[in-house]
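> no sequence for this one, just the structure:
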C-alpha cells in the first residue's frame, strides 16, 4: 500500500494508508496493531522528509528549541512507590503513572506520588482552572487540602465534586424532576438496576418521609420504585442487574443515585472521637502486637455516634452495587464534615499509629440483613480502621457478625488485583502458610485497627430485617502499602506521648 503511490507529503501518505486499512482493522479486531504499524511508517516518512530538506526533524516540524523535557514513563500500577523512588534517584522530577486499573488503587498511587503538597496544590489549582466542571479535579484538590489540614476547604471541594458528578442536593421545597439528568449515558453500568438496590432505596425514602425529610411529592417516586421492583424484566435473582428504562420509569431515572437528600451537619461540640479512652496504651498495644491488630469499644462519643448514624441513614449516597450490600465512597459523597472531623481527631488521638499518614480513602457499606458480606481480601494501605454503627439490638448473634482478620500479610509480590479480588487463591495461600484467624465479634461503636496488608473478611452475620437494622460498617485507609513497617520502626525509637 505504501510502495508505488506518489504523495504530497507525510500527512497525505498517512491519510491514504489509514483509509485503506480502516475496514481491515475493524474486521480483524486489531485496530491498535494497525495503528502501530502506520505510526512506524509515518515516523520514517517524516524523518526522510526532514533529511531531504537538510534540517533536523524537530526544526522541520516547527520546533523552536533543541532540548526536550523528559519524564519517567510506564510506572505502575504495581510497585509504583519503588519505581518512582528509583527514578527520582536517577534525576527525574516528572513521572507518568499508569491508571485505569481500579479507582481506589489509582487514587492511592496518585496520592503517594504527589509528594510535595505545595507542588500538588499548584498543579491541582491549575487543573480546576482549566476544567472547572471536572469532579475529579475538584475531588483531588480536596485531598491535597485535607493533607494540608484545611478541612473546611476540603469539605467544600468534596461537596462540589459530588454536585458536579451527581447534581446538587434537593431541598425539601424543590419540585421532583420528571426525567433523567441531561448528559448521562443511560446504558452505562451506573444506570443498571438490581432488586436489592431498589429495595434499599424504597426503605430509605419511606424512612425519610416518616422523618419529614422528603415532601409528599416523593410519594409518586416511591410508587414508581415499587412498580419497578415488580417489573417482569428485572432479573429474579436479587443481585443480578439490568439497565433502567427511563421512558417507562421517568421518576426513577430522575432520582436514581441522585442526592435526593444529602445533609452535611455540623460536627457535635463534644467532638466525634472519645477522649475518655486510654489512647497511649491503645497505641502501644497496637504497635507491640505481631501482627499489628487491636480493637476497642466506645470509639465515638455518644453525640458523634448519633450524628454519624443519622447521617448514614438519611444520606442518599449508597450508589455502588456490590454482591448483597451497597457502598458509599469518599469520591462519591461519603465525605461529610462529620467524617473529616472524625479523621482529624483520630490523628490527634493516635499520633504514633496514624499521625500524618495520608488518608487514602474512606467508605461505608450497608448490608442486606439476609445476605453475606465482603469476601477475603487485603487493602492498599498501611493502617485500616474499621468500625460499626448499627445498634447491638439488631444483631441476632452476638458472638459473630463482625470481622475475621487472618494473621498473614499479603505477599510482597502480589499485585492489587491478586490480593484484593482473588479469594480462592488467598484462601489456598493461607491454608498452605498457616496462621490464625482472629474473630472480632460485632459491637456497636467497636473499632478494629489493623495492618491493612493482613487478609480479612466479614464474619457471618444475622441481623434483623428492617431499614434501621441494616448492618453498617465504616472503613478508613491511611498511608500506603509498605509504610506500616517503617512507621513502626520510627515509633519504636520514640517515647510514647
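All right, it came through fine. Everything quoted here is computed from the prediction, not taken from an experiment.
> run a quick neighbour tally on residue 421.
13 (other CB atoms under 10 Å). Any C-beta I mention is one placed from the backbone N, CA and C, and that applies to glycine too.
> now do the contacts for the residue lying closest to it once chain neighbours are set aside.
Nearest residue to residue 421, sequence neighbours excluded (CB to CB, 6 or more residues apart in numbering): residue 377, at 6.7 Å. Contact analysis of residue 377 by CB atoms under 8 Å, 6 or more residues apart in numbering lists 419-421, 423, 426, 455-457.
> go on, residue 307?
So residue 307 contacts 265, 267-268, 272, 338 (CB under 8 Å, 6+ apart).
> among those, which pair sits farthest apart?
265 and 272 (11.5 Å; CB to CB).
> more neighbours: these two, which one.
Neighbours per residue (other CB under 10 Å) separate residue 265 from residue 272, with residue 272 holding more: 24 against 13.
> I'd say the more buried one and residue 302 touch.
No - counting by CB atoms under 8 Å, residue 272 does not reach residue 302; the two are 10.9 Å apart.
> who touches both of these two?
Overlap of the contact sets of residue 272 and residue 302 (by CB under 8 Å, 6+ apart) is empty.
> what's around residue 319, how many residues?
The burial count for residue 319: 20, using other CB under 10 Å.
> and the pLDDT at it?
For residue 319, the model assigns a pLDDT of 94.
> what's it in contact with, if anything?
166, 190, 257, 326-329, 332-333.
> narrow the residues you listed to those in helices?
In this view, those that belong to helices under DSSP state H are residue 166.
> in strands, which of the contacts of residue 319 fall?
Using DSSP state E, the members of these that fall in strands are 326-329.
> residue 448 reaches residue 386, doesn't it?
Yes - look at residue 448 against residue 386 with CB under 8 Å: they come within range, at 4.7 Å.
> list residues touching both of those two?
residue 403.
> before we move on, back to that, find the residues that touch each one of residue 265 and residue 272.
307, 338.
> how far off centre is stretch 383-395?
20 Å (CA atoms, centre = their mean, to the nearest Å).
> what's the burial count for residue 222?
Residue 222 has 18 neighbouring residues, counting by other CB under 10 Å.
> and the contacts of stretch 432-439?
For stretch 432-439, the surrounding residues in contact (CB under 8 Å, 6+ apart) are 293, 400, 402-408, 459.
> now with 6 Å?
The contact list for stretch 432-439, computed with CB atoms under 6 Å, 6 or more residues apart in numbering, reads 404-408.
> show the average pLDDT along stretch 69-89.
Per-residue scores along stretch 69-89 average to 72.
> what about the strands in the stretch 301-450 of the chain?
320-321, 325-329, 359-367, 383-388, 403-409, 437-440, 446-451 (DSSP state E, counting those that start in this stretch).
> turn these into CSV, including distance to residue 215 and mean neighbour count.
What follows is those, written out as CSV (distance: least, CB to CB, whole Å; neighbours: other CB atoms under 10 Å):
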stretch, distance to residue 215, mean neighbour count
strand 320-321, 27, 18
strand 325-329, 24, 21
strand 359-367, 24, 22
strand 383-388, 32, 24
strand 403-409, 40, 20
strand 437-440, 42, 16
strand 446-451, 37, 24
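> those strands into JSON lines, with extra columns for distance to residue 52?
Listed next are these as JSON lines, based on distance: least, CB to CB, whole Å:
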{"stretch": "strand 320-321", "distance to residue 52": "58"}
{"stretch": "strand 325-329", "distance to residue 52": "56"}
{"stretch": "strand 359-367", "distance to residue 52": "54"}
{"stretch": "strand 383-388", "distance to residue 52": "62"}
{"stretch": "strand 403-409", "distance to residue 52": "61"}
{"stretch": "strand 437-440", "distance to residue 52": "72"}
{"stretch": "strand 446-451", "distance to residue 52": "63"}
